[in-house]
Structure formats: structure tokens, C-alpha cells
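Undergrad: With the sequence up front, the predicted model follows.
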Amino acid sequence: MRHQIDLLATVTVLGVLEQAYFTLQVIYARRQHKISPPRTMGHPEFERIFRAQVNCSEYFPIFISLLWVAGIFFHQGVAAACGLLYLYTRFRYFQGYAVAAQERLGPLYASAWVLWLLLGLAVAGLLAHFLLPAAPRGWALV
Amino acid sequence: MRHQIDLLATVTVLGVLEQAYFTLQVIYARRQHKISPPRTMGHPEFERIFRAQVNCSEYFPIFISLLWVAGIFFHQGVAAACGLLYLYTRFRYFQGYAVAAQERLGPLYASAWVLWLLLGLAVAGLLAHFLLPAAPRGWALV
Amino acid sequence: MRHQIDLLATVTVLGVLEQAYFTLQVIYARRQHKISPPRTMGHPEFERIFRAQVNCSEYFPIFISLLWVAGIFFHQGVAAACGLLYLYTRFRYFQGYAVAAQERLGPLYASAWVLWLLLGLAVAGLLAHFLLPAAPRGWALV
């Protein structure tokens, strides 16, 4: 079983590491601007970094869900490559948002496109699985 | 392996699509009320829609976790049917909350009941798995 | 397949139960301090309990992801034991934060250490899988 999901598991671990990095940035921003929990406001830069981290956290389960369904039902390597691209766009998004709210938009749109792509792969893989059951190993599209 | 999880994967993808719909509603409400990120307050209707989306996002990983454990250890079809019901109650919750905070309560309670049901199925499936190991394929309860 | 993931599924269900407990505490605090949704501020105790629950929710998908990758690629029993430890530290964190923001720190650091441990196990398991493919069942480190 493991070799069918090893790349997905690797991208998942990289995604967790990215989330850890974002969380550390929020902690540093809290210290820099002296904003102690449970407060979540008080300085524009902190608020941007905080919202960037919250947004990435919110999308993390969506991303992981699509990554695994696309990887299992369409093609593991293609899904993992999209996953790496998504993590890169999220890194750019976080860095941009920390500078200015406007700077987050380009990478945010890019990350959304990668998610739609993963969604398309997941749907294509599921359709192939349900409609072409006799295809070899279900990978009719690959 | 795929045919044991294909319905769970399908409901997962539908759940992601629902979350995408909720996120788009927040974006539209931001534009309508001219509330730019990182701000999350400023107009009661926006705040309700925003909180509705945050609440659904918060429950998404819980829902996915229970869906898969119940689907793998109890019965895939039953779990997937509960999953569809959950997504429907969440849709009603979101629509209700957008109108008035009071309107969210009925569907919220319904969605909580479906989650408790999925939790019960997951626990029943795990108990059957651990206590009745000789049962055919572990589906002793079905 | 089920016996390779039954402990992971059990810890997952326990984690969901813990999240349900945290959510109920927020509901009780809302009633006690008469803070109706969508409001998320208004009384220091409520804000601490609310932030504690939000923080635990944010980490839940991270925790589940690491639990399953570590459990599948390193060792299920070790990962499940770490998972139980994590849930215990999160319980202590929530109880501490409800009393005072300062009280959350010890259990928070403990929970972070358990996550780093799970991350280390996941990475070790994946490295062993990729670098030692001939090892019996991939569990080269156990």
C-alpha cells in the first residue's frame, strides 16, 4: 500500500512544515508588536500576518483532501507535483500579505488555480473510476 | 483498494466544492460591503456570512475524519449517505446565518446530530473490529 | 487493511471527541457571558476560551495528518501513543487558557514538542521507505 501514497505523504509532511513556519511568523510578529494572546488585533502588520496564517490554516484541510483524492484516483505523481506548486504559491502569498494586503492577491489567485486543478484531477479520476471500471488499475486517463 | 473508498472520496470532493461556494460568498460580501482584508468586521451581514464560513471551515476536518473512519470501519455507503446529509444541513446553516443569526440554529443542530451519528457509526465500527475480529471482513454490524 | 490503521482511527475519533468537548465549552461560555454569535469578543474569559478552541481547531488537521503519516510509514502503535499524549497536552492547554493566558504556555509547548516528535517519526518513516525499499514491510527503523 505504501508505495501508492508515499509521494502524497511526503507532500503532506512538507505542507505541515510550511504551516509550522507560518505559525512561527505569527509568534514573532506577536513579540515584535507586543500583542499577547488572546488579542488578535493592534497593529496592521501583525493583523496581516495573523490573517495570512489563518487563511492558510483554513485551506490546509481542503488542500490535503484534494491532494489525496486526486493522488489516489487520478495519478499520484501529478497530484504531488500540483501539491508542491500549491505550497510554493502559499509561501509567496504569506510573504506578500506580510508586506501589504494588495501583495497577497497574485499568489492567492495562483493558489486557487492550483486547487481548482487538483479538484479537476480528483473529479476526472473519480469519473474514470466509476464509468470505466474495467480500465487497467482505474487510471484510464493517464 | 479504490472501490472501498470511492464513495467517501466523492463526498469529500463534494464537501470541498461546498467550502469553495462558502468562500466565494465571503468574497462577494466583502465586495458588497467594501470590507477589505485583513478586516473581518464592519457590517452585521458580512460578519454573519464570515462567521458562517469560519464555522463550516472549522468543522470540515472533523467531518472528513468521521466520514472516513465510519466509512472504512462501519459501512461506506451508510457513511457516505450521512455525509451527503451533513453537507445539506451545512448549506441550510450557511443560508440561514446569512439572513439572521437566529436562522442558523435549526440547521446547526441538525448538522451536529449528523456528526454525532457519524461518530456513533465510527465507534460501532471500531468496536466491532476490535471485539469481533473473526467477523467476515469486520462488518459485523451490517 | 483495517488492522494497519485501527489504532490511528481510534485516536482520530478520540481527537474528534476532544474537539466536541472544546466546542461545548465555548457554547457554555457564550451563554454565561451573554455573547451571541457572530460576536467573538466582550469578556476576557470568553475570549480566552474562544481562542483556545480556535487554536485547537487550527492544529487538528496538522495533528491528524502527522498521526497518519507517522502511523503508516513509521509504526502505528508508536504514533498512536504520541497521539494520545498530544490529546492530553491539548486538554491541559485548554484548561489552562480558560484560567489565564499565561497558564496555556506550558501545555502549549508540550503539545508542540509532541507534534515535532510525530513529524520526526513521519520523516524517519518516509526516509526509511524511500532509501531502504528492500526492508521487510518498510519498517526498517522499528
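TA: Yep, it's here.
Undergrad: any idea which helix or strand carries the residue nearest the centre of chain A?
TA: Geometric centre of chain A, nearest residue: residue A:63, 4.6 Å, by Cα atoms, centre = their mean. Residue A:63 is located in helix A:44-73, with elements delineated by DSSP states H and E.
Undergrad: buried residues in that helix?
TA: Neighbour counts using 16 or more other Cβ atoms under 10 Å in any protein chain shown place A:46-73 of helix A:44-73 among the buried residues. Glycine gets a C-beta too; all of them are placed from N, C-alpha and C.
Undergrad: low-scoring stretches of chain A, by residue?
TA: A:133-142 (pLDDT under 70).
Undergrad: Try it again at 90.
TA: Within chain A, the segments meeting pLDDT under 90 span A:1, A:36-42, A:133-142.
Undergrad: residues in contact with the residue of it found nearest chain B?
TA: Closest approach between chain A and chain B, counting by Cβ to the nearest Cβ: residue A:51, at 3.7 Å. Residue A:51 makes contact with A:97, B:37, B:38, B:40 under the criterion Cβ atoms under 8 Å, 6 or more residues apart in numbering or on different chains.
Undergrad: ok, the helix or strand containing residue A:16 near chain B or not?
TA: Assigned by DSSP H and E, residue A:16 belongs to helix A:6-33. No. Contact of helix A:6-33 with chain B (Cβ under 8 Å from any Cβ of the partner chain) is absent, the minimum separation being 12.1 Å.
Undergrad: Counting by contacts, list what that helix packs against.
TA: On a contact count with 3 or more Cβ pairs under 8 Å, 6 or more residues apart in numbering or on different chains; DSSP states H and E, helix A:6-33 meets helix A:44-73, helix A:76-99, helix C:44-73, helix C:105-131.
Undergrad: related to what we said a few turns ago, out of the contacts of residue A:51, who's nearest residue A:88?
TA: Checking the contacts of residue A:51 against residue A:88 with Cβ to Cβ, the nearest one is residue A:97 at 15.1 Å.
Undergrad: In this model residue A:35 seems to touch residue A:47, though I could be wrong.
TA: No. Counting by Cβ atoms under 8 Å, residue A:47 stays clear of residue A:35, with 9.0 Å between them.
Undergrad: list residues touching both of these two?
TA: residue A:41.
Undergrad: Report the contact partners of the closest residue to residue A:126 other than its chain neighbours.
TA: Closest residue to residue A:126 apart from its sequence neighbours, by Cβ to Cβ, 6 or more residues apart in numbering or on different chains: residue A:73 at 5.2 Å. Listed by Cβ under 8 Å, 6+ apart, the contact set of residue A:73 reads A:122, A:125, A:126, A:128, A:129, A:138, B:2, B:6, B:9.
Undergrad: Which of the residues you listed ranks first by neighbour count?
TA: Per-residue neighbour counts (other Cβ atoms under 10 Å in any protein chain shown) across these peak at residue A:125, which has 28 neighbours.
Undergrad: If you compare the directions of the helix holding residue A:63 and helix A:6-33, what angle comes out?
TA: Calculated by axes from the mean of the first three to the mean of the last three Cα atoms, to 10 degrees, helix A:44-73 forms an angle of 170 degrees with helix A:6-33.
Undergrad: Helix, strand, or coil at the closest residue to chain C within chain A?
TA: As assessed by Cβ to the nearest Cβ, chain C sits closest to residue A:38 within chain A, at 3.7 Å. Following DSSP: H, G, I helix; E, B strand; the rest coil, we place residue A:38 in the coil state.
Undergrad: From residue A:51, how far off is the spatially closest residue to it that is not a sequence neighbour?
TA: Distance criterion Cβ to Cβ, 6+ apart; nearest residue to residue A:38, sequence neighbours excluded, is residue C:51 at 3.7 Å. According to Cβ to Cβ, to the nearest Å, residue C:51 and residue A:51 sit 15 Å apart.
Undergrad: again, but for residue A:3
TA: Taking Cβ to Cβ as the measure, residue A:3 falls 39 Å from residue A:51.
Undergrad: ok, back up a step: for the residue nearest to residue A:126, give its distance to residue A:8.
TA: Per Cβ to Cβ, residue A:73 is found 12 Å from residue A:8.
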